[in-house]
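> Got a predicted model here, sequence first, then my questions.
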Amino acid sequence: MSRIVTLSAVAVTLGAWAAAVLDVFWVVNVTLQQQQHVGSAAALAYVVLITVLVAGSLTYLSAR
């Protein structure tokens, strides 16, 4: 039972990460088209931040 819960949590985490990254890349695309380089850099920094947080979450989930 615990393994199913862990795998479900990993699936939800990866799904949410993928949706967030796709959304942020859409924002980067739009901001680059409008020549808003600061907005693009901020969005890319956000992708790095959420990727690090998701990596930490996956580390925790795999260790439990």
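Structure received.

> excluding its backbone neighbours, what's nearest V47?
Setting aside the residues directly before and after it, V47 is nearest to V24 in space (C-beta to C-beta, 6 or more residues apart in numbering), at 5.0 Å. For every residue, glycine as well, the C-beta is placed using N, CA and C.

> Quick one: neighbours of the one you found, just the number.
17 (other C-beta atoms under 10 Å).

> What of V12?
Neighbourhood size, V12 [other C-beta under 10 Å]: 10.

> If I look at it, what pLDDT would I see?
pLDDT recorded at V12 is 97.

> Show me which parts of the helix or strand in which V30 is found are buried, residue by residue.
Using DSSP states H and E, V30 falls within helix 2-33. Within helix 2-33, the residues that count as buried by 16 or more other C-beta atoms under 10 Å are T13, W17, V24, V27, V28, T31.

> Stretch 50-64 now?
Going by neighbour count (16+ other C-beta under 10 Å), the buried part of stretch 50-64 is V54, S57.

> so what secondary structure elements neighbour the next helix-or-strand element following the helix holding V30?
Scanning forward in sequence from helix 2-33 by DSSP H and E, the next helix or strand is helix 37-63. Applying 3 or more C-beta pairs under 8 Å, 6 or more residues apart in numbering; DSSP states H and E, one finds that helix 37-63 contacts helix 2-33.

> Kindly provide the distance from the residue nearest to V47 to G56.
18 Å (C-beta to C-beta, to the nearest Å).

> And A9, by the same measure?
To G56, A9 is 13 Å away according to C-beta to C-beta.

> so who does the residue nearest the centre of the chain touch?
Nearest to the geometric centre of the chain sits W17, at 3.4 Å (C-alpha atoms, centre = their mean). By C-beta atoms under 8 Å, 6 or more residues apart in numbering, the contact list for W17 reads I50, T51, V54.
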